[in-house]
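> Sequence and predicted model, in that order:
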Amino acid sequence: MGRPALPPAITEMDFPVVLLMTLGLVLLAINRFVTRKRLPPGARELPGPMNLPLIGRVHDIPTSGAWLKFHEWSHQYGPIYQTKMFGTVHVWISSEQVAHDLLSKRATIYSDRPMIPNLPDNRTSGDYLALLGRTETWKRQRKICNNLMHTSALAQLHGYPTIERDRMLYLMLNDPSNYREWIEQFTARTVSRLSWGSAHPARVLRHTTFGLLETISPSGALPNVISFLRHVPAAISPWKQKEHTRHALETNMFRSNVGFVKKMMGTDVGAEPSFIRTFMEGNKTQEETDEAMNVVGLMAIAGALTIGSPIQSFLLAMCHYPEWQAKLQDEIDTALGGRCPQWEDREKLPMLRAVVKEVIRWRPPVPTGIPHAIEKDDVYQGYFIPAGATIHALEWAITRDENTYPDAEAFNPLRWLDPSFPTYREPLTQYPNLSGFSQFGFGRRTCQGVPIVEQDLFLTMGGMAWGLNIRKKRDPETGLEVPVHWNDYTPLLIAKPMPFPFDAFARSDEKRRMMKDMYEDANSRMQDQDMKGDDEVRAALGEYKKDVVKFAAEAGVAPVDQEIDDIEKEREQKRKIAASEAAGSSRSDSSPEPSLSSGVSSRDSETDLDESACETPMERELDELNFNGHAKEGQRQEDDEGVLVAEDKYFCKMQPAVTGSGVPGAWRWS
Ligand code: HEM
């Protein structure tokens, strides 16, 4: 008698699969046993989808719009449920009440942060306050942040958001297709001024900050999904190497900013108002200043990252809800008699405040929230929540609770203005406002930047509604509206609308003139800041600008923001191309004609430009300061001390933007 044959269903080929499945089932059983053993008497496990061994539900989570899936599960499993991923329990909260019960009322054990696999020292390093664990460093840093924010808010943020709004509005009017660039410039420049009194670091800040967002987002770097990849040694880990380079650049930039402010504080002119200046006005040790450098750096990061999302969502809302644009314009015109809204007008403009709040509710900028971690086992309504679990206040779902927000999918600012809605609150001279809004988190970890958000959004949304008519584009041939997406958002932790086409026109010739005057006035106020002072001040500024140029070169970005001259140069460039094409000359570059009014920018294509088109105000200033900011193709240029001040790839490559259909659009600095 030979060996009994394997049953026909299990061939030798299938054997490894069967073995793996058996192993999986055993692991599942062990996991269930261990969890059950931890359950306190009478407590149950939280509901949730059935988890596969080891990976839990990782395979179910879409790479974009993950919050929609978590929201969908809340319909099935209730306002609090759990999933598991690689052994970590994730608790998802979809009700504001439950979030308050746990994260606010039981804050003593719910205020930690989880470890981020791709940034494993986030809880302890002291670099990023928002990511710190519930440590002494976090407590100290939160206090510093709170004091600086409070002082700045009392000084109305030194008028910085107004200057930058006035600049942005005219850029938007002149080239609405480049709206993402103008908005990102606005947020980064405003928060750079608030942090360090200068807009010069804004361009590099945008670069390092976006890199950090990738580093920490669950859908960014791979180790955040497959957590054991964090053990890959730095020498062969592309994620660690990338983060290391990014972090080094960020630290150097922060250090240079603080050094410049310190130097200016020692001159007759003094430093412009900023968080860091406020901090250094008290006599501080080097160690204390180093810590404040990180706190202020994090405030700058938070401001540069987040606020652009609701500004873009406002444009999206205006495309879908033109009736609300008309109502808003009516309120502004009636209350201000033709003036552009200023921060001092906020009591008179409740509808504008309602629009600001409704934009954030309708399209939450941080849809999955920033997770907390629980430090001790807990039981809530009979459900067991184990120590170490990651707790997510699912902001997207919280804003879709029909009891609080009837007809939640609709953009309806009336819910903040009409007493028949549960969210209505009086007096309307004060409410609605953003203070205490669920979208800024819960308990001891609530957002510290609300005064900046409130002022930035009031001014930008109010300014755009006052000066511009925003609407869907129309197809020139058919006259039909070009469709605009409803809810297509980027997948990272801070979600922004995917690009969409729209038109923006001045509401009248008078408003166009006023916007131009506001832009020129804003520019002259900025120049005043740069140009005042004696040789000592100019020398300090010159040194600082060298740093800016060097960091921009390292980041691979232009050192300065695009300005109105650049738009005009682009137009001129377009006219030349059109003229040469009309004359039948054949261009060596066969790429399609760039169009200022079309679409979306990208970094993928290049073209030949004459070099004068690369000159920007900053470069002109650098030239004035007697060091040359231009390098010829393939060259690096260093100053007398060997500091890299220019490299051709950073200065003279302007890239055409590309629309979704591949048509180059607005020229951009790369
Ligand atoms: C639309 C803009 C913004 C939104 C939606 C937003 C939202 C949030 C959220 C959801 C949290 C986590 C709260 C929690 O863990 O419960 C947070 C934390 C934080 N935010 Fe903001 N934020 C915005 C802008 C800003 C700005 C401009 C600053 C600048 C100071 C800022 C500074 C912070 C800080 C420092 C924390 C961490 C607090 C801590 O961990 O103790 N945020 N924000």
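On my side now, so go ahead.
> Now do the SS call for H150.
Secondary structure, DSSP: H, G, I helix; E, B strand; the rest coil: H150 is helix.
> Please disregard the earlier target; I meant F411.
coil.
> ok, it touching W324?
Yes - in this structure, F411 is within contact of W324 by CB atoms under 8 Å, at 6.9 Å. C-beta here means a position set from N, CA and C on the backbone, and glycine is covered the same way.
> what sits in contact with each of those two?
Here F411 and W324 have A317 as joint contacts, going by CB atoms under 8 Å, 6 or more residues apart in numbering.
> Those residues of the stretch 101-250 of the chain touching the ligand, which are they?
Within reach of the ligand by CB under 6 Å from any ligand atom, the stretch 101-250 of the chain has these residues: L129, A130, R142, C145, M149.
> how about TSV for those, with neighbour count, pLDDT and secondary structure added?
What follows is those, written out as TSV (neighbours: other CB atoms under 10 Å; pLDDT from 0 to 100; DSSP: H, G, I helix; E, B strand; the rest coil):
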residue	neighbour count	pLDDT	secondary structure
L129	23	97	helix
A130	21	96	helix
R142	17	97	helix
C145	21	98	helix
M149	20	98	helix
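> Quick check: the farthest pair among those?
A130 and M149 (13.2 Å; CB to CB).
> Closest to the centroid, which residue in the chain?
Nearest to the mean C-alpha position of the chain, by CA atoms, centre = their mean, lies L305 at 2.3 Å.
> and the helix or strand where that residue lies, anywhere near the ligand?
According to DSSP states H and E, L305 maps onto helix 286-306. Yes - if you take CB under 6 Å from any ligand atom as the test, helix 286-306 does meet the ligand, through L298, M299, A302, G303, T306.
> The second one is in contact with M149, isn't it?
Yes - under the criterion of CB under 8 Å, M299 makes contact with M149 at 7.5 Å.
> Can you work out which residues contact both of these two?
F275, Q448, G449.
> May I ask which of these has the most neighbours?
With neighbours taken as other CB atoms under 10 Å, the top of the shared contacts of M299 and M149 is F275, carrying 26 neighbours.
> Would you mind listing the residues in contact with that one?
By CB under 8 Å, 6+ apart, the neighbours of F275 are L148, M149, S152, L194, S195, W196, V296, M299.
> nearest to the ligand, of those residues?
M299 (3.8 Å; CB to the nearest ligand atom).
> that older thread, downstream of the helix holding L305, the next helix or strand is which one?
Downstream of helix 286-306 (by DSSP H and E), the next one is helix 308-320.
> Who are the packing partners of that next one?
Under the contact definition 3 or more CB pairs under 8 Å, 6 or more residues apart in numbering; DSSP states H and E, helix 308-320 sits against helix 179-196, helix 322-336, helix 350-362, helix 450-467, strand 468-471.
> And it, what's buried?
G308, S309, P310, I311, Q312, S313, F314, L315, L316, A317, M318, C319 (16 or more other CB atoms under 10 Å).
> Restricting to C-alpha, output it in CSV.
Only the C-alpha atoms of helix 308-320 are listed here, as CSV (Å, rounded to 0.1, in the frame of the first residue of the first chain):
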residue,chain,number,x,y,z
GLY,A,308,-5.4,76.9,1.0
SER,A,309,-7.9,74.1,1.1
PRO,A,310,-11.0,76.1,2.2
ILE,A,311,-10.0,79.0,-0.1
GLN,A,312,-10.0,76.6,-3.1
SER,A,313,-13.2,74.9,-1.8
PHE,A,314,-14.8,78.4,-1.7
LEU,A,315,-14.2,78.7,-5.5
LEU,A,316,-15.7,75.3,-6.0
ALA,A,317,-18.7,76.2,-4.0
MET,A,318,-19.2,79.5,-5.9
CYS,A,319,-19.2,77.4,-9.2
HIS,A,320,-21.9,75.1,-7.9
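> Next, see if that helix gets close to the ligand.
Yes - looking at helix 308-320 against the ligand by CB under 6 Å from any ligand atom, the contacts come from P310.
> for the record, mean pLDDT for that helix?
The average of the pLDDT scores along helix 308-320 is 98.
> can you give me the angle that helix makes with helix 179-196?
Counting by axes from the mean of the first three to the mean of the last three CA atoms, to 10 degrees, helix 308-320 lies at 150 degrees to helix 179-196.
> Now do helix 308-320 against helix 322-336, angle only.
Going by the same axes, to 10 degrees, helix 308-320 makes 110 degrees with helix 322-336.
> Pull the residues that contact helix 308-320.
Under CB under 8 Å, 6+ apart, the answer for helix 308-320 is 179-180, 183-184, 186-187, 324-325, 355-356, 358-360, 362-363, 365, 411, 453, 456-457, 460-461, 464-465, 470-472, 484-486, 494-497, 500, 502.
> Show the buried residues in those residues.
Applying 16+ other CB under 10 Å to the contacts of helix 308-320 flags 179-180, 183-184, 186-187, 324-325, 355-356, 358-360, 362-363, 365, 411, 453, 456-457, 460-461, 464-465, 470-472, 484, 494-497, 500, 502 as buried.
> Okay, and V379 sits in which element?
Assigned by DSSP H and E, V379 falls in strand 378-380.
> residues making contact with the helix or strand that comes right after that strand?
The helix or strand immediately downstream of strand 378-380 is strand 383-385, counting by DSSP H and E. When contacts are defined by CB under 8 Å, 6+ apart, strand 383-385 is touched by residues 38-40, 43-46, 80, 89, 91, 102, 374, 377-379, 391.
> Separate out the buried members of the residues you listed.
Applying 16+ other CB under 10 Å to the contacts of strand 383-385 flags A43, E45, L46, I80, V89, V91, L102, I374, D377, D378, I391 as buried.
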